[in-house]
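1. My questions are about this predicted structure, shown below with the sequence.
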Amino acid sequence: MPQIHFGRFNLPPRPLVMGILNVTPDSFSDGGQHHSLEYAVSHAERMVGEGVDIIDVGGESSRPGAPALPLEEELRRVLPVLYALRDSGTPVSVDTYKPTVMREAILAGVDMINDINAFRAPGAIDAVRGSDCALCIMHMLDNPATMQHNPAYGDVVADVVAFLRERVEALTAAGIERERLWIDPGFGFGKTVEHNYALLKAGRRLVAELGLPLLAGVSRKSMIGAVTGKPVEQRLAGSIGGALAAVAHGAQIVRVHDVAETVDALKVWQAAQ
C-alpha cells in the first residue's frame with residue numbers, strides 16, 4: 001500500500017481504522033451517546049488510546065429516513081469538537097455535505113472531508129478546492145430521507161463505478177489533485193442487502209477501475225443484521241467480520257464504531273498475510 005497523506009499527517013501503509021464520533025441525538029447506532037462536548041472529547045481520547053488512525057466527526061444523522069439538519073445546528077454540534085481535537089495528534093475527518101460546514105471545518109484544521117453527497121451541493125467543490133485535506137467521495141442513491149425506498153440498479157457495481165468516476169472527473173477538472181481523493185461505495189445508502197454484498201465483494205474492482213483508495217463503512221449496519229439476525233447493539237462480531245472482508249477485498253480504510261476490537265482483528269489479519 002502507498003504512503004497515505006492526510007494534510008499534516010503521513011499515515012502508515014496498512015489498512016487504517018476510522019473511528020466514528022457521532023455528536024447527534026439520533027444516529028442509528030449511537031445517537032445521543034456523545035452529544036455533549038465533554039463526552040465527545042472523552043470518547044475521542046478513548047479511541048486514540050485504542051489505536052484509531054482517524055476520527056470521523058458527524059453532526060447530522062444520515063440513517064435511512066433522516067430529515068435534513070439546519071446548517072446552524074450542525075455547526076453548533078461539530079465545530080467545538082473539531083477545535084477540541086485539532087491538537088490531538090490524530091487525523092480528524094468531518095462527515096458533512098454542506099459547503100459552509102466544510103469551510104469552517106477546514107479553518108478548524110480537519111484532515112479529511114467525508115461527503116455522503118459526493119461534493120454535488122452547489123459550492124461544495126469551491127469550499128474544498130483551496131485546502132490540502134483529503135476528500136472522500138461517496139455514492140448515495142437519492143438522499144437519506146428516500147434512499148431506501150425500493151433502490152434499483154441495472155448493475156449495481158457498474159452503476160456505482162460510473163457515478164464515482166463522474167464525480168472524480170468533476171473534482172479533478174476543478175483543479176483538485178487526484179492524490180487527495182478517496183472513494184466510498186456507500187454501503188446502506190440506497191442499496192438492498194444484495195446490493196451491499198455485491199459491492200463489498202467488488203472492492204478490488206472499484207480500486208482498479210478508479211485508481212483511488214477505498215473507504216468502507218459497514219459497521220453495525222442492516223447488512224450485518226440481515227446476515228446475523230442480530231439487532232444493532234449485538235452486531236460487534238458481524239461488524240468485525242465485515243471490516244476484515246472489506247480489507248480482504250481491497251479497502252484501505254474501514255470506518256467503525258468499535259475501534260479496539262477492529263484494531264486487534266486487523267493486527268491478526270495482517271500477521272497472517
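-> That came in fine, so what should we check first? Numbers count the residues shown, from 1 in each chain.
2. So which bits of stretch 215-235 are buried?
-> For stretch 215-235, the neighbour count (16 or more other CB atoms under 10 Å) marks 215-225, 230, 235 as buried. (C-beta placed from N, C-alpha, C; glycine too.)
3. mind checking the SS state of residue 118?
-> coil (DSSP: H, G, I helix; E, B strand; the rest coil).
4. circling back to that earlier point, can you put the buried residues of stretch 215-235 in CSV and add distance to residue 94?
-> Listed next are these as CSV, based on distance: CB to CB, whole Å:
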residue, distance to residue 94
215, 14
216, 19
217, 15
218, 21
219, 18
220, 21
221, 21
222, 25
223, 25
224, 25
225, 27
230, 30
235, 25
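5. Please flag which of the residues you listed sit within helices.
-> Of the buried residues of stretch 215-235, the ones assigned to helices by DSSP state H are 222, 223, 224, 225.
6. The first one - nearest residue in space that isn't next to it in sequence?
-> Excluding its sequence neighbours, the residue lying closest to residue 222 (CB to CB, 6 or more residues apart in numbering) is residue 188, at 6.3 Å.
7. Point me to the helix or strand that includes the one you found.
-> Assignment of secondary structure by DSSP states H and E places residue 188 within no helix or strand.
8. what's the pLDDT at it?
-> Residue 188 is assigned 93 on the pLDDT scale.
9. Where do the helices of the stretch 51-200 of the chain begin and end?
-> For the stretch 51-200 of the chain, the helices defined by DSSP state H, counting those that start in this stretch cover 71-85, 99-107, 124-129, 156-173, 193-201.
10. coming back round to it: now distance to residue 36 and pLDDT too, for the ones in helices among the buried residues of stretch 215-235, in CSV please.
-> Output for those, formatted as CSV (distance: CB to CB, whole Å; pLDDT from 0 to 100):
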residue, distance to residue 36, pLDDT
222, 28, 94
223, 31, 97
224, 28, 98
225, 29, 97
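11. which residues does residue 239 contact?
-> Going by CB atoms under 8 Å, 6 or more residues apart in numbering, residue 239 touches 218, 219, 220, 224, 256, 257, 258, 262.
12. Could you identify the most distant pair in those residues?
-> Greatest spatial distance among the contacts of residue 239 (CB to CB): 224 and 262, at 13.1 Å.
13. Quick check: buried residues in stretch 187-202?
-> Those would be 187-192, 195-200, 202, for stretch 187-202 by 16+ other CB under 10 Å.
14. do the same with stretch 93-108
-> 93-106, 108.
15. Between those, which sits nearest residue 128?
-> Distances from residue 128 to these, taken as CB to CB, are shortest for residue 102 (5.7 Å).
16. Touching, that closest one and residue 95? I think so.
-> No. In this structure residue 102 lies outside contact range of residue 95 using CB atoms under 8 Å: 10.8 Å.
17. what is in contact with the two at once?
-> residue 115.
18. still on that earlier bit, what's the closest of the buried residues of stretch 93-108 to residue 251?
-> The shortest approach to residue 251 among the buried residues of stretch 93-108 belongs to residue 93, at 15.5 Å (CB to CB).
19. Pull the contacting residues for that closest one.
-> So residue 93 contacts 18, 54, 55, 56, 57, 110, 111, 112, 113, 114, 134, 136 (CB under 8 Å, 6+ apart).
20. Take these and write them to JSON lines, including pLDDT and neighbour count.
-> Formatted as JSON lines, the contacts of residue 93 follow (pLDDT from 0 to 100; neighbours: other CB atoms under 10 Å):
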{"residue": "18", "pLDDT": "97", "neighbour count": "27"}
{"residue": "54", "pLDDT": "96", "neighbour count": "24"}
{"residue": "55", "pLDDT": "97", "neighbour count": "28"}
{"residue": "56", "pLDDT": "97", "neighbour count": "24"}
{"residue": "57", "pLDDT": "97", "neighbour count": "28"}
{"residue": "110", "pLDDT": "95", "neighbour count": "28"}
{"residue": "111", "pLDDT": "94", "neighbour count": "24"}
{"residue": "112", "pLDDT": "95", "neighbour count": "25"}
{"residue": "113", "pLDDT": "97", "neighbour count": "27"}
{"residue": "114", "pLDDT": "97", "neighbour count": "26"}
{"residue": "134", "pLDDT": "95", "neighbour count": "27"}
{"residue": "136", "pLDDT": "97", "neighbour count": "27"}
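21. need those in a markdown table with distance to residue 72, can you?
-> Listed next are those as a markdown table, based on distance: CB to CB, whole Å:
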| residue | distance to residue 72 |
| --- | --- |
| 18 | 27 |
| 54 | 27 |
| 55 | 23 |
| 56 | 22 |
| 57 | 17 |
| 110 | 19 |
| 111 | 25 |
| 112 | 23 |
| 113 | 19 |
| 114 | 21 |
| 134 | 26 |
| 136 | 24 |
